[in-house]
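Peer 1: One predicted model, sequence on top.
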Amino acid sequence: MDIKQKNKDLNLLFEPDLFREQGHQIVDILADYLQNLKENKTQTVLPNIDPKQMMDIWPGEFSAKGDGQWEEDLNKVINLSNHLHNPKYIGHQVSAPLPFSSLIEMVGTLLNNGSAVYEMGPSNVIMEQKIILWMSKLIGYDKKADGIFTSGGTIGNLTALLAARQKMFNTNVWKNGVFNQDNNYIMVSSQSHYSINRAASVMGLGERSIIKIPVDNEFRMDISEIEKIYTRLKKQGKNVFAIIANACSTSTGTYDDLNEIANFCKKNNIWMHVDGAHGASILLSDKYKTIMKGVERADSIVWDAHKMLLMPSLITAVIFKDGDNSYKAFSQEASYLFNKKPSEEWYNYAHRTMECTKKMMGLKLYLSLKNFGTDIFKTHIEYTHSLTKNFANIINNKDDFELAVKPQSNIICFRYLSKESNNRDLNNLQVKIKKRVLKSEKYYIVQTDLNGLTWLRCTIINPLTKIEDLNQLLTYIIEVASSIKHD
Ligand SMILES: Cc1ncc(COP(=O)(O)O)c(C=O)c1O
């Protein structure tokens with residue numbers, strides 16, 4: 001085949017009619033998938049297949065001409081994936097996305113407008129700016145606030161900490177690096193997400209710069225401990241430049257006392273960052289948002305829309321109370337992209353984000369907010385939170401279960417109690433229960449360790465989950481536990 005013929009084949013793949021046909025087929029496959037879940041025809045939540053088996057399922061050799069089996073493969077990948085729209089998916093903090101937002105995500109992937117500079121993705125850049133302003137208002141920030149979207153809470157936390165460091169250190173870190181900066185520390189909750197430690201190490205400060213603050217009985221950072229530890233560090237001549245508050249924590253879904261932490265930060269001139277990756281969406285609920293009182297005093301906040309705002313991954317807002325600080329993390333010059341002072345080019349996000357080619361992240365959230373309104377998001381938050389509280393009440397009334405702590409959000413930790421077991425046996429039992437539950441493919445739950453005890457952990461994040469699903473889970477856990485005892 002000559003090169004002209006080959007090109008013709010390639011061009012055919014861009015034919016609008018072919019796209020229309022494939023698009024309809026793909027939407028049909030996905031709609032059938034959702035329908036089967038709705039009618040309970042798909043009862044599995046995850047595939048019980050180990051990585052080695054999966055390696056054998058997916059061939060790694062690609063022929064020159066292809067096999068033309070995309071439909072078959074698509075059905076296969078759906079079957080062999082986790083089903084987040086199954087009401088019995090109550091595992092990690094990943095949303096069951098609004099189907100509409102997933103379709104819009106696809107639009108973003110076809111348009112493929114890089115959104116780090118206005119010139120490359122004009123509409124999306126402005127949509128992102130509008131969402132940042134909308135979120136800023138919900139936080140309670142004034143007009144000075146500004147921020148950007150980035151790919152996930154992990155990069156979001158890193159971005160905020162980079163800005164905090166540049167603002168709080170008395171040297172230009174961008175130019176001079178971190179030489180002789182090993183006297184600087186970050187205070188975090190002992191319950192903080194691992195992305196914070198990771199950020200400190202990536203920043204060249206090392207995990208040694210992380211000072212873990214113990215938590216109280218409800219897993220909130222203990223304010224008196226903050227004071228005590230800070231005084232000790234000061235006496236040793238150490239400089240704490242930032243405190244990270246959880247809103248909420250990953251393991252137990254607990255909100256730190258943001259007002260108290262803000263008081264402390266103000267008194268001691270420390271940057272306050274709020275990790276709201278999971279929990280900031282609670283700001284949409286008048287009923288529950290008071291738990292975040294004080295957030296408007298934080299210097300920066302991270303907020304994931306792919307957790308509690310029903311969006312497909314990834315879409316994370318990093319917002320700064322003083323928008324000028326959003327330019328502190330990255331200070332690079334790139335004449336082929338930028339012409340003016342960074343703040344004069346607020347629409348060129350590359351001044352403020354790690355990413356160069358940036359996805360059209362805002363599009364899906366902007367159109368969902370504009371099209372459906374904010375109430376559906378509020379409903380989602382209030383429904384999942386009150387369902388979690390109901391589930392906690394049920395657990396509290398059962399002799400054979402125990403709660404780790406009363407849930408403040410839609411994350412709940414509990415364990416099955418077996419009368420004859422000590423804590424070590426109980427820990428092993430929870431691990432076995434979780435393994436068996438996953439093996440059954442009937443529910444997706446996870447586990448976590450708190451103060452040396454192992455707990456089963458659920459995030460009730462799927463608006464399709466009902467109290468019956470949770471009751472059935474408890475019944476199933478009892479069944480599983482009894483089969484483990486008889487092994
Ligand atoms: C509190 C908290 N911060 C940060 C992250 C990391 O976010 P991402 O998974 O979007 O990188 C998570 C993820 O679970 C989280 O719970």
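Peer 2: Noted; the coordinates are in hand.
Peer 1: Only C-alpha atoms from now on, for both contacts and neighbour counts.
Peer 2: Noted.
Peer 1: how about the residues of the protein that lie near the ligand?
Peer 2: Proximity of the chain to the ligand, by C-alpha under 6 Å from any ligand atom, involves residues 93, 152-154, 193, 248-250, 275, 277-278.
Peer 1: Just the buried ones out of the residues you listed, please.
Peer 2: Buried members of those, counted by 16 or more other C-alpha atoms under 10 Å: 93, 152-154, 193, 248-250, 275, 277-278.
Peer 1: hey, where'd the strands end up in the stretch 151-300 of the chain?
Peer 2: For the stretch 151-300 of the chain, the strands defined by DSSP state E, counting those that start in this stretch cover 184-189, 210-213, 239-246, 271-275, 300-304.
Peer 1: Where does residue 314 sit: helix, strand or coil?
Peer 2: The three-state label given to residue 314 by DSSP: H, G, I helix; E, B strand; the rest coil is coil.
Peer 1: wait, isn't it in contact with residue 151?
Peer 2: Yes - proximity of residue 314 to residue 151 meets the contact threshold set by C-alpha atoms under 8 Å, at 5.4 Å.
Peer 1: pLDDT weak spots in the stretch 51-200 of the chain?
Peer 2: By pLDDT under 70, the stretch 51-200 of the chain has no low-scoring segment.
Peer 1: Please work out which residue of the stretch 301-450 of the chain is closest to the ligand.
Peer 2: residue 304 (6.1 Å; C-alpha to the nearest ligand atom).
Peer 1: Give the bridge partners for that residue, please.
Peer 2: Listed by DSSP bridges, the beta-bridge partners for residue 304 are residue 316.
Peer 1: what about it, how many neighbours?
Peer 2: Applying other C-alpha atoms under 10 Å, we find 28 residues neighbouring residue 304.
Peer 1: go on, residue 178?
Peer 2: Residue 178, neighbours per other C-alpha under 10 Å, totals 15.
Peer 1: Against residue 200, how distant is it?
Peer 2: Distance, residue 178 to residue 200, by C-alpha to C-alpha, to the nearest Å: 12 Å.
Peer 1: ok, now which ones touch the closest residue to residue 199 other than its chain neighbours?
Peer 2: Nearest residue to residue 199, sequence neighbours excluded (C-alpha to C-alpha, 6 or more residues apart in numbering): residue 158, at 4.9 Å. The contact partners of residue 158, by C-alpha atoms under 8 Å, 6 or more residues apart in numbering, come to 195-196, 199-200.
Peer 1: Swap in 10 Å and give it another go.
Peer 2: Contact partners of residue 158, counting by C-alpha atoms under 10 Å, 6 or more residues apart in numbering, are 164, 195-203, 302, 318, 329, 354.
Peer 1: Which positions within the helix or strand hosting residue 26 qualify as buried?
Peer 2: Using DSSP states H and E, residue 26 maps to helix 16-38. Across helix 16-38, burial judged by 16+ other C-alpha under 10 Å covers 26, 29-30, 33-34, 37.
Peer 1: Make a markdown table out of the strands of the stretch 151-300 of the chain and add distance to residue 455.
Peer 2: What follows is the strands of the stretch 151-300 of the chain, written out as a markdown table (distance: least, C-alpha to C-alpha, whole Å):
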| stretch | distance to residue 455 |
| --- | --- |
| strand 184-189 | 19 |
| strand 210-213 | 22 |
| strand 239-246 | 20 |
| strand 271-275 | 23 |
| strand 300-304 | 25 |
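Peer 1: Quick one, which of those gets closest to residue 322.
Peer 2: Residue 322 sits nearest to strand 300-304 of all the strands of the stretch 151-300 of the chain, at 8.4 Å, using C-alpha to C-alpha.
Peer 1: Keeping just the C-alphas, turn that closest one into CSV.
Peer 2: Presented in CSV, the C-alpha positions along strand 300-304 are these (Å, rounded to 0.1, in the frame of the first residue of the first chain):
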residue,chain,number,x,y,z
SER,A,300,-5.5,28.7,50.8
ILE,A,301,-7.9,25.8,50.2
VAL,A,302,-8.1,22.8,48.0
TRP,A,303,-11.5,21.5,46.8
ASP,A,304,-12.0,18.4,44.6
